[in-house]
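1. Provide a 3D model corresponding to the input given below.
(one chain, ligands or ions: 2)
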Amino acid sequence: MAEAKVLSGAGLRGQVAGQTALSTVGQAGAGLTYRGYDVRDLAATAEFEEVAYLLLYGELPSQAELADYKHKLKGLRDLPQALKEVLERIPRDAHPMDVMRTGCSMLGTLEPELTFEAQREKTDRLLAVFPAVMCYWYRFSHHGVRIDCNSDEDTLGGHFLHLLHGKQPSELHVKVMNVSLILYAEHEFNASTFTARVCASTLSDLYSCITAAIGALRGPLHGGANEAAMELIERFQSPQEATAELLRMLERKDKIMGFGHAIYKESDPRNEVIKGWAKQLADEVGDKVLYPVSEAIDKTMWEQKRLFPNADFYHASAYHFMGIPTKLFTPIFVCSRLTGWAAHVFEQRANNRIIRPSAEYVGVEQRQFVPIEQR
Ligand SMILES: CC(=O)SCCNC(=O)CCNC(=O)[C@H](O)C(C)(C)COP(=O)(O)OP(=O)(O)OC[C@H]1O[C@@H](n2cnc3c(N)ncnc32)[C@H](O)[C@@H]1OP(=O)(O)O
Ligand SMILES: O=C([O-])CC(=O)C(=O)O
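-> Residues are numbered from 1 along each chain as shown. Ligands and ions are numbered 1, 2, ... in the order given. Predicted structure coming up:
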(Lines give C-alpha, C1' and ligand atoms only; values in the text may rest on other atoms or scores of the structure.)
(Ligands and ions follow the chains in the order given, each with its own letter.)
Protein backbone atom coordinates (compact mmCIF):
# COMPACT_ATOMS: atom_id res chain seq x y z
CA MET A 1 0.00 0.00 0.00
CA ALA A 2 1.28 3.53 -0.82
CA GLU A 3 2.33 5.68 2.11
CA ALA A 4 -0.14 8.27 3.36
CA LYS A 5 0.63 11.78 2.18
CA VAL A 6 1.73 14.44 4.65
CA LEU A 7 -1.23 16.77 4.88
CA SER A 8 0.49 20.10 5.20
CA GLY A 9 -1.33 23.37 4.55
CA ALA A 10 0.00 23.81 1.01
CA GLY A 11 -2.71 23.64 -1.63
CA LEU A 12 -5.30 23.55 1.19
CA ARG A 13 -4.64 19.79 1.22
CA GLY A 14 -6.55 17.90 3.87
CA GLN A 15 -8.55 20.93 5.00
CA VAL A 16 -12.32 20.76 5.03
CA ALA A 17 -13.43 23.85 3.09
CA GLY A 18 -17.20 23.31 3.21
CA GLN A 19 -19.93 20.69 3.12
CA THR A 20 -21.42 18.72 0.26
CA ALA A 21 -24.09 16.07 -0.17
CA LEU A 22 -23.02 15.36 -3.74
CA SER A 23 -20.07 12.98 -3.59
CA THR A 24 -17.43 11.29 -1.48
CA VAL A 25 -13.88 10.90 -2.79
CA GLY A 26 -11.23 8.58 -1.41
CA GLN A 27 -13.22 7.22 1.50
CA ALA A 28 -11.83 3.83 2.52
CA GLY A 29 -8.80 4.65 0.34
CA ALA A 30 -10.27 4.45 -3.11
CA GLY A 31 -14.04 4.97 -3.16
CA LEU A 32 -16.09 7.41 -5.22
CA THR A 33 -19.81 7.87 -4.71
CA TYR A 34 -22.35 10.24 -6.28
CA ARG A 35 -25.21 10.96 -3.83
CA GLY A 36 -24.44 7.62 -2.16
CA TYR A 37 -24.15 5.49 -5.32
CA ASP A 38 -20.84 3.81 -6.15
CA VAL A 39 -19.52 5.28 -9.43
CA ARG A 40 -18.59 1.78 -10.63
CA ASP A 41 -22.23 0.68 -10.35
CA LEU A 42 -23.40 3.80 -12.16
CA ALA A 43 -20.82 3.31 -14.94
CA ALA A 44 -21.79 -0.35 -15.31
CA THR A 45 -25.54 0.12 -15.53
CA ALA A 46 -26.72 3.73 -15.80
CA GLU A 47 -26.93 6.23 -18.62
CA PHE A 48 -25.09 9.55 -18.33
CA GLU A 49 -28.41 11.43 -18.47
CA GLU A 50 -29.57 9.44 -15.41
CA VAL A 51 -26.45 10.51 -13.54
CA ALA A 52 -26.87 14.12 -14.67
CA TYR A 53 -30.44 14.01 -13.36
CA LEU A 54 -29.27 12.47 -10.09
CA LEU A 55 -26.73 15.24 -9.55
CA LEU A 56 -28.89 18.13 -10.70
CA TYR A 57 -32.32 17.06 -9.45
CA GLY A 58 -31.35 15.05 -6.35
CA GLU A 59 -32.53 11.49 -7.09
CA LEU A 60 -32.25 8.93 -9.87
CA PRO A 61 -35.11 9.42 -12.37
CA SER A 62 -37.88 6.93 -12.99
CA GLN A 63 -38.11 5.56 -16.53
CA ALA A 64 -40.71 8.19 -17.45
CA GLU A 65 -38.68 11.01 -15.89
CA LEU A 66 -35.56 9.90 -17.77
CA ALA A 67 -37.43 9.74 -21.07
CA ASP A 68 -38.80 13.26 -20.47
CA TYR A 69 -35.39 14.56 -19.47
CA LYS A 70 -33.68 13.15 -22.55
CA HIS A 71 -36.45 14.50 -24.76
CA LYS A 72 -36.04 17.91 -23.17
CA LEU A 73 -32.25 17.93 -23.65
CA LYS A 74 -32.67 16.83 -27.25
CA GLY A 75 -34.89 19.85 -27.92
CA LEU A 76 -32.25 22.23 -26.50
CA ARG A 77 -29.29 21.18 -28.67
CA ASP A 78 -29.22 23.86 -31.36
CA LEU A 79 -27.00 26.94 -31.03
CA PRO A 80 -28.26 30.51 -31.40
CA GLN A 81 -27.08 32.10 -34.66
CA ALA A 82 -25.09 34.78 -32.78
CA LEU A 83 -23.13 32.06 -30.96
CA LYS A 84 -22.39 30.28 -34.24
CA GLU A 85 -21.05 33.57 -35.63
CA VAL A 86 -18.77 34.02 -32.62
CA LEU A 87 -17.51 30.42 -32.95
CA GLU A 88 -16.77 31.00 -36.63
CA ARG A 89 -14.46 33.88 -35.68
CA ILE A 90 -12.34 31.86 -33.25
CA PRO A 91 -9.06 30.88 -34.91
CA ARG A 92 -8.33 27.30 -35.93
CA ASP A 93 -5.27 27.17 -33.67
CA ALA A 94 -7.17 28.34 -30.57
CA HIS A 95 -7.24 25.86 -27.73
CA PRO A 96 -10.66 24.15 -27.67
CA MET A 97 -10.92 24.81 -23.93
CA ASP A 98 -10.79 28.51 -24.77
CA VAL A 99 -13.57 27.85 -27.26
CA MET A 100 -15.66 26.19 -24.53
CA ARG A 101 -14.98 29.07 -22.15
CA THR A 102 -15.94 31.62 -24.81
CA GLY A 103 -18.99 29.62 -25.90
CA CYS A 104 -20.25 29.43 -22.34
CA SER A 105 -19.62 33.10 -21.72
CA MET A 106 -21.28 34.16 -25.00
CA LEU A 107 -24.38 32.09 -24.28
CA GLY A 108 -24.53 33.90 -20.95
CA THR A 109 -24.93 37.18 -22.83
CA LEU A 110 -27.65 35.79 -25.12
CA GLU A 111 -29.65 33.79 -22.58
CA PRO A 112 -28.64 35.27 -19.20
CA GLU A 113 -29.58 33.76 -15.87
CA LEU A 114 -31.75 36.59 -14.56
CA THR A 115 -32.83 34.83 -11.37
CA PHE A 116 -31.50 31.83 -9.45
CA GLU A 117 -34.86 30.14 -10.05
CA ALA A 118 -33.66 29.62 -13.62
CA GLN A 119 -30.50 27.75 -12.55
CA ARG A 120 -31.70 24.26 -13.56
CA GLU A 121 -33.10 25.45 -16.89
CA LYS A 122 -29.83 27.21 -17.71
CA THR A 123 -27.82 24.14 -16.72
CA ASP A 124 -29.90 21.84 -18.91
CA ARG A 125 -29.40 24.21 -21.81
CA LEU A 126 -25.61 24.26 -21.30
CA LEU A 127 -25.58 20.48 -21.02
CA ALA A 128 -27.45 20.16 -24.31
CA VAL A 129 -25.36 22.72 -26.25
CA PHE A 130 -21.80 22.01 -25.11
CA PRO A 131 -21.17 19.18 -27.65
CA ALA A 132 -22.29 21.51 -30.44
CA VAL A 133 -20.18 24.40 -29.16
CA MET A 134 -17.10 22.19 -29.45
CA CYS A 135 -17.99 20.46 -32.71
CA TYR A 136 -19.40 23.49 -34.55
CA TRP A 137 -16.15 25.38 -33.98
CA TYR A 138 -13.97 22.33 -34.70
CA ARG A 139 -15.67 21.34 -37.95
CA PHE A 140 -15.92 24.94 -39.19
CA SER A 141 -12.33 25.92 -38.35
CA HIS A 142 -10.73 22.62 -39.42
CA HIS A 143 -12.92 21.45 -42.32
CA GLY A 144 -14.80 24.59 -43.39
CA VAL A 145 -18.13 22.86 -42.67
CA ARG A 146 -21.13 24.48 -40.97
CA ILE A 147 -22.62 21.45 -39.23
CA ASP A 148 -26.22 20.85 -38.26
CA CYS A 149 -26.17 21.10 -34.46
CA ASN A 150 -29.07 18.67 -34.10
CA SER A 151 -28.90 14.90 -34.43
CA ASP A 152 -31.27 12.01 -33.86
CA GLU A 153 -28.91 10.50 -31.30
CA ASP A 154 -30.65 9.55 -28.11
CA THR A 155 -27.72 10.27 -25.79
CA LEU A 156 -25.37 13.17 -25.25
CA GLY A 157 -22.32 10.98 -25.88
CA GLY A 158 -23.76 9.65 -29.14
CA HIS A 159 -24.77 13.17 -30.16
CA PHE A 160 -21.19 14.41 -29.62
CA LEU A 161 -19.69 11.60 -31.73
CA HIS A 162 -22.29 12.18 -34.44
CA LEU A 163 -21.55 15.91 -34.68
CA LEU A 164 -17.80 15.27 -34.68
CA HIS A 165 -17.70 12.52 -37.30
CA GLY A 166 -20.82 13.49 -39.26
CA LYS A 167 -22.33 10.00 -39.01
CA GLN A 168 -24.06 7.67 -36.62
CA PRO A 169 -21.57 6.23 -34.10
CA SER A 170 -21.29 2.52 -33.30
CA GLU A 171 -23.04 1.07 -30.27
CA LEU A 172 -19.69 0.36 -28.62
CA HIS A 173 -18.55 3.95 -29.03
CA VAL A 174 -21.82 5.33 -27.66
CA LYS A 175 -21.45 3.01 -24.67
CA VAL A 176 -17.87 4.12 -23.98
CA MET A 177 -18.81 7.80 -24.24
CA ASN A 178 -21.63 7.17 -21.80
CA VAL A 179 -19.27 5.51 -19.31
CA SER A 180 -16.67 8.24 -19.75
CA LEU A 181 -19.20 11.03 -19.12
CA ILE A 182 -20.38 9.24 -15.97
CA LEU A 183 -16.83 8.81 -14.65
CA TYR A 184 -15.98 12.47 -15.15
CA ALA A 185 -19.28 13.93 -13.84
CA GLU A 186 -18.49 14.83 -10.23
CA HIS A 187 -15.55 14.85 -7.83
CA GLU A 188 -16.16 16.85 -4.67
CA PHE A 189 -13.90 19.88 -4.08
CA ASN A 190 -11.47 19.43 -6.97
CA ALA A 191 -9.84 22.64 -8.27
CA SER A 192 -12.42 23.48 -10.96
CA THR A 193 -15.43 22.73 -8.76
CA PHE A 194 -13.98 24.76 -5.94
CA THR A 195 -13.46 27.60 -8.42
CA ALA A 196 -17.14 27.36 -9.39
CA ARG A 197 -18.16 27.45 -5.72
CA VAL A 198 -15.96 30.45 -4.93
CA CYS A 199 -17.58 32.29 -7.83
CA ALA A 200 -21.06 31.18 -6.73
CA SER A 201 -20.37 32.38 -3.19
CA THR A 202 -20.25 35.99 -4.44
CA LEU A 203 -23.82 35.42 -5.72
CA SER A 204 -22.59 35.65 -9.30
CA ASP A 205 -24.51 34.08 -12.19
CA LEU A 206 -24.25 30.45 -13.35
CA TYR A 207 -22.41 31.24 -16.59
CA SER A 208 -19.68 33.08 -14.68
CA CYS A 209 -19.27 30.10 -12.33
CA ILE A 210 -19.03 27.63 -15.21
CA THR A 211 -16.72 29.85 -17.27
CA ALA A 212 -14.39 30.16 -14.29
CA ALA A 213 -14.50 26.40 -13.73
CA ILE A 214 -13.61 25.72 -17.38
CA GLY A 215 -10.55 27.92 -16.95
CA ALA A 216 -9.46 25.93 -13.90
CA LEU A 217 -10.06 22.57 -15.60
CA ARG A 218 -7.92 23.55 -18.59
CA GLY A 219 -4.56 23.19 -16.81
CA PRO A 220 -2.47 20.02 -17.25
CA LEU A 221 -2.45 19.30 -13.50
CA HIS A 222 -6.24 18.91 -13.69
CA GLY A 223 -8.42 18.10 -16.72
CA GLY A 224 -5.73 18.97 -19.23
CA ALA A 225 -3.89 15.81 -18.15
CA ASN A 226 -5.86 13.55 -20.55
CA GLU A 227 -4.46 15.51 -23.49
CA ALA A 228 -0.96 15.60 -22.02
CA ALA A 229 -1.11 11.83 -21.40
CA MET A 230 -1.92 11.26 -25.08
CA GLU A 231 1.02 13.38 -26.14
CA LEU A 232 3.26 11.20 -23.98
CA ILE A 233 1.86 7.84 -25.10
CA GLU A 234 2.02 8.54 -28.81
CA ARG A 235 5.74 9.35 -28.66
CA PHE A 236 6.61 5.67 -28.32
CA GLN A 237 6.64 2.83 -30.82
CA SER A 238 7.02 -0.01 -28.28
CA PRO A 239 6.64 -0.79 -24.57
CA GLN A 240 10.44 -1.17 -24.30
CA GLU A 241 11.02 2.31 -25.70
CA ALA A 242 8.37 3.74 -23.37
CA THR A 243 9.89 2.10 -20.29
CA ALA A 244 13.42 3.28 -21.11
CA GLU A 245 12.30 6.88 -21.68
CA LEU A 246 10.04 6.84 -18.60
CA LEU A 247 13.02 5.89 -16.44
CA ARG A 248 14.96 8.83 -17.89
CA MET A 249 12.01 11.18 -17.29
CA LEU A 250 11.69 10.05 -13.70
CA GLU A 251 15.43 10.48 -13.21
CA ARG A 252 14.97 14.09 -14.40
CA LYS A 253 12.02 14.40 -11.99
CA ASP A 254 9.59 15.14 -14.84
CA LYS A 255 5.87 15.07 -14.01
CA ILE A 256 4.14 12.20 -15.79
CA MET A 257 0.68 13.36 -16.75
CA GLY A 258 -2.22 11.07 -15.92
CA PHE A 259 -0.59 9.72 -12.74
CA GLY A 260 -1.02 10.54 -9.08
CA HIS A 261 -3.86 12.22 -7.27
CA ALA A 262 -4.37 14.84 -4.60
CA ILE A 263 -6.84 12.70 -2.62
CA TYR A 264 -6.66 9.04 -3.67
CA LYS A 265 -3.73 7.29 -2.08
CA GLU A 266 -3.92 3.78 -3.51
CA SER A 267 -5.82 3.96 -6.78
CA ASP A 268 -8.40 6.00 -8.66
CA PRO A 269 -11.59 3.89 -8.91
CA ARG A 270 -12.41 5.41 -12.31
CA ASN A 271 -9.19 4.03 -13.77
CA GLU A 272 -10.06 0.33 -13.72
CA VAL A 273 -13.35 1.12 -15.49
CA ILE A 274 -11.97 3.23 -18.33
CA LYS A 275 -8.92 0.97 -18.64
CA GLY A 276 -11.23 -1.97 -19.36
CA TRP A 277 -13.01 -0.02 -22.10
CA ALA A 278 -9.72 1.25 -23.55
CA LYS A 279 -8.64 -2.40 -23.88
CA GLN A 280 -11.87 -3.31 -25.67
CA LEU A 281 -11.42 -0.40 -28.07
CA ALA A 282 -7.77 -1.37 -28.64
CA ASP A 283 -8.91 -4.88 -29.59
CA GLU A 284 -11.60 -3.45 -31.85
CA VAL A 285 -9.11 -1.38 -33.87
CA GLY A 286 -6.39 -4.07 -33.69
CA ASP A 287 -4.01 -1.78 -31.80
CA LYS A 288 -0.64 -3.33 -31.00
CA VAL A 289 1.19 -0.21 -29.86
CA LEU A 290 -0.74 2.41 -27.88
CA TYR A 291 -2.38 0.13 -25.35
CA PRO A 292 0.79 -1.93 -24.65
CA VAL A 293 2.77 1.34 -24.36
CA SER A 294 0.16 2.65 -21.88
CA GLU A 295 0.46 -0.52 -19.82
CA ALA A 296 4.26 -0.28 -19.83
CA ILE A 297 4.11 3.31 -18.54
CA ASP A 298 1.54 2.25 -15.93
CA LYS A 299 3.79 -0.61 -14.73
CA THR A 300 6.92 1.54 -14.62
CA MET A 301 5.19 4.29 -12.66
CA TRP A 302 4.01 1.82 -10.07
CA GLU A 303 7.36 0.02 -9.78
CA GLN A 304 9.42 3.20 -9.62
CA LYS A 305 7.17 5.67 -7.81
CA ARG A 306 4.20 3.74 -6.40
CA LEU A 307 2.08 6.15 -8.48
CA PHE A 308 -1.10 4.88 -10.13
CA PRO A 309 -3.01 6.06 -13.21
CA ASN A 310 -5.77 8.54 -12.45
CA ALA A 311 -9.03 8.94 -14.42
CA ASP A 312 -7.21 10.73 -17.22
CA PHE A 313 -4.53 8.25 -18.27
CA TYR A 314 -6.51 5.50 -20.05
CA HIS A 315 -9.09 8.03 -21.19
CA ALA A 316 -6.39 9.21 -23.59
CA SER A 317 -6.14 5.96 -25.54
CA ALA A 318 -9.89 5.27 -25.25
CA TYR A 319 -10.74 8.61 -26.88
CA HIS A 320 -7.99 8.16 -29.47
CA PHE A 321 -9.36 4.76 -30.53
CA MET A 322 -12.75 6.40 -31.15
CA GLY A 323 -11.12 8.83 -33.59
CA ILE A 324 -11.44 11.84 -31.30
CA PRO A 325 -8.72 14.46 -31.93
CA THR A 326 -6.47 14.91 -28.88
CA LYS A 327 -7.25 18.61 -28.58
CA LEU A 328 -10.92 17.78 -27.89
CA PHE A 329 -10.21 15.47 -24.93
CA THR A 330 -10.47 18.10 -22.19
CA PRO A 331 -13.60 19.75 -23.67
CA ILE A 332 -15.36 16.38 -23.36
CA PHE A 333 -14.52 16.54 -19.66
CA VAL A 334 -16.34 19.92 -19.61
CA CYS A 335 -19.49 18.37 -21.16
CA SER A 336 -19.59 15.93 -18.26
CA ARG A 337 -18.27 17.91 -15.28
CA LEU A 338 -20.75 20.71 -16.00
CA THR A 339 -23.24 18.56 -14.06
CA GLY A 340 -21.03 18.41 -10.96
CA TRP A 341 -20.08 22.08 -11.20
CA ALA A 342 -23.70 23.20 -11.51
CA ALA A 343 -24.88 20.94 -8.67
CA HIS A 344 -22.19 22.49 -6.47
CA VAL A 345 -23.30 25.98 -7.48
CA PHE A 346 -26.89 25.10 -6.45
CA GLU A 347 -25.60 23.70 -3.17
CA GLN A 348 -23.46 26.76 -2.46
CA ARG A 349 -26.36 29.09 -3.21
CA ALA A 350 -28.70 27.15 -0.95
CA ASN A 351 -26.48 27.73 2.08
CA ASN A 352 -24.18 30.56 1.17
CA ARG A 353 -21.48 32.50 2.88
CA ILE A 354 -18.89 34.25 0.75
CA ILE A 355 -15.73 32.10 0.53
CA ARG A 356 -12.92 34.27 1.74
CA PRO A 357 -10.03 32.52 3.53
CA SER A 358 -7.07 34.30 5.09
CA ALA A 359 -3.44 34.37 4.02
CA GLU A 360 -0.36 34.00 6.18
CA TYR A 361 1.66 37.14 5.45
CA VAL A 362 5.29 36.36 4.57
CA GLY A 363 6.31 39.75 3.08
CA VAL A 364 8.48 42.57 4.39
CA GLU A 365 7.78 44.30 7.70
CA GLN A 366 5.72 47.49 7.66
CA ARG A 367 7.87 50.35 6.33
CA GLN A 368 7.86 54.05 5.57
CA PHE A 369 6.56 55.15 2.16
CA VAL A 370 9.23 56.95 0.12
CA PRO A 371 7.97 59.54 -2.42
CA ILE A 372 8.95 58.73 -6.03
CA GLU A 373 11.46 61.59 -6.42
CA GLN A 374 13.44 60.29 -3.42
CA ARG A 375 13.72 56.67 -4.65
C1 LIG B 1 -9.17 14.37 -13.35
C2 LIG B 1 -7.99 14.95 -12.67
O3 LIG B 1 -7.88 16.12 -12.57
S4 LIG B 1 -6.88 13.87 -11.98
C5 LIG B 1 -5.35 14.73 -11.91
C6 LIG B 1 -4.81 14.95 -13.28
N7 LIG B 1 -3.46 15.52 -13.21
C8 LIG B 1 -2.37 14.82 -13.59
O9 LIG B 1 -2.42 13.68 -13.99
C10 LIG B 1 -1.08 15.57 -13.53
C11 LIG B 1 0.03 14.73 -12.93
N12 LIG B 1 -0.16 14.58 -11.51
C13 LIG B 1 0.17 15.55 -10.64
O14 LIG B 1 0.74 16.60 -11.00
C15 LIG B 1 -0.15 15.34 -9.18
O16 LIG B 1 -0.15 13.98 -8.86
C17 LIG B 1 -1.49 15.96 -8.80
C18 LIG B 1 -1.55 17.44 -9.25
C19 LIG B 1 -2.63 15.23 -9.44
C20 LIG B 1 -1.64 15.90 -7.29
O21 LIG B 1 -0.70 16.74 -6.73
P22 LIG B 1 -0.22 16.59 -5.23
O23 LIG B 1 -1.36 16.25 -4.37
O24 LIG B 1 0.52 17.81 -4.91
O25 LIG B 1 0.75 15.37 -5.36
P26 LIG B 1 1.40 14.51 -4.23
O27 LIG B 1 1.39 15.25 -2.93
O28 LIG B 1 0.81 13.17 -4.27
O29 LIG B 1 2.91 14.36 -4.71
C30 LIG B 1 3.77 13.55 -3.97
C31 LIG B 1 5.04 13.36 -4.72
O32 LIG B 1 4.82 12.60 -5.89
C33 LIG B 1 5.29 13.29 -7.02
N34 LIG B 1 4.32 13.11 -8.07
C35 LIG B 1 2.97 13.21 -7.97
N36 LIG B 1 2.41 13.00 -9.16
C37 LIG B 1 3.42 12.76 -10.02
C38 LIG B 1 3.47 12.48 -11.39
N39 LIG B 1 2.33 12.42 -12.11
N40 LIG B 1 4.66 12.26 -11.96
C41 LIG B 1 5.80 12.33 -11.26
N42 LIG B 1 5.81 12.60 -9.94
C43 LIG B 1 4.64 12.82 -9.34
C44 LIG B 1 5.30 14.75 -6.62
O45 LIG B 1 6.23 15.48 -7.40
C46 LIG B 1 5.68 14.65 -5.20
O47 LIG B 1 7.08 14.46 -5.11
P48 LIG B 1 7.97 15.42 -4.22
O49 LIG B 1 7.39 15.30 -2.85
O50 LIG B 1 9.32 14.89 -4.41
O51 LIG B 1 7.75 16.78 -4.84
O1 LIG C 1 -10.31 15.58 -7.46
C2 LIG C 1 -9.35 16.09 -8.04
O3 LIG C 1 -8.46 16.77 -7.45
C4 LIG C 1 -9.15 15.91 -9.48
C5 LIG C 1 -10.03 14.87 -10.08
O6 LIG C 1 -9.74 13.71 -10.07
C7 LIG C 1 -11.28 15.31 -10.69
O8 LIG C 1 -11.63 16.48 -10.61
O9 LIG C 1 -11.97 14.46 -11.27
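
2. can you mark which positions in whatever helix or strand Glu50 lives in are buried?
-> If you go by DSSP states H and E, Glu50 is part of helix 48-57. Of all the residues in helix 48-57, those buried under the rule 16 or more other C-beta atoms under 10 Å are 48-56. Heads up, the C-betas are built off the backbone N, CA and C, glycines and all.

3. for stretch 262-270, same thing?
-> Within stretch 262-270, the residues that qualify as buried are 262-265, 267-270, counting by 16+ other C-beta under 10 Å.

4. count the residues that sit near Leu203.
-> If you count neighbours by other C-beta atoms under 10 Å, Leu203 ends up with 11.

5. check Pro112 too.
-> Neighbourhood size, Pro112 [other C-beta under 10 Å]: 13.

6. what of Ser238?
-> 13.

7. that one: what's it in contact with?
-> 289, 292-293 (C-beta atoms under 8 Å, 6 or more residues apart in numbering).

8. between those, which is nearest ligand 2?
-> Val293 (22.9 Å; C-beta to the nearest ligand atom).

9. next secondary structure after the strand or helix carrying that closest one?
-> Assigning secondary structure by DSSP H and E places Val293 in helix 290-305. Sequence-wise, the next helix or strand downstream of helix 290-305 (DSSP H and E) is helix 313-321.

10. and the helix or strand following that next one, what's buried?
-> With elements assigned by DSSP H and E, the helix or strand that comes after helix 313-321 is helix 329-350. Of the residues in helix 329-350, 329-349 count as buried by neighbour count, 16+ other C-beta under 10 Å.

11. what residue is smack in the middle of this protein?
-> Nearest residue to the geometric centre of the chain (C-alpha atoms, centre = their mean): Phe333, 2.8 Å.

12. test my guess that it contacts Ala225.
-> No: if you go by C-beta atoms under 8 Å, Phe333 and Ala225 don't touch, sitting 9.6 Å apart.

13. common neighbours of the two, please.
-> Both Phe333 and Ala225 lack any common contacting residue under the criterion C-beta under 8 Å, 6+ apart.

14. what about the buried residues of stretch 262-270, which are in strands?
-> Among these, no member falls in strands (DSSP state E).

15. contacting residues around Ala200?
-> Ala200 neighbours (C-beta under 8 Å, 6+ apart): 209, 344-345, 348-349, 352.

16. from ligand 1, how far off is it?
-> In this structure, Ala200 and ligand 1 are 20 Å apart, going by C-beta to the nearest ligand atom, to the nearest Å.

17. that residue: what secondary structure?
-> Under the three-state scheme (DSSP: H, G, I helix; E, B strand; the rest coil), Ala200 adopts helix.

18. give me the pLDDT for the residue of the chain at minimum distance from ligand 1.
-> Closest contact between the chain and ligand 1, by C-beta to the nearest ligand atom, is at Gly260 (2.4 Å). Looking at Gly260, its pLDDT reads 96.

19. so how far is ligand 2 from it?
-> Going from Gly260 to ligand 2 by C-beta to the nearest ligand atom gives 10 Å.

20. run a quick check on that residue versus Leu307, I expect a contact.
-> Yes: using C-beta under 8 Å, Gly260 is in contact with Leu307, at 4.9 Å.

21. correct me, but Val86 touches Thr102?
-> Yes: counting by C-beta under 8 Å, Val86 touches Thr102, with 6.8 Å between them.

22. on that earlier part again, quickly name whichever of the contacts of Ser238 is closest to Asp98.
-> If you rank those by distance to Asp98 using C-beta to C-beta, Val293 comes first, at 29.6 Å.
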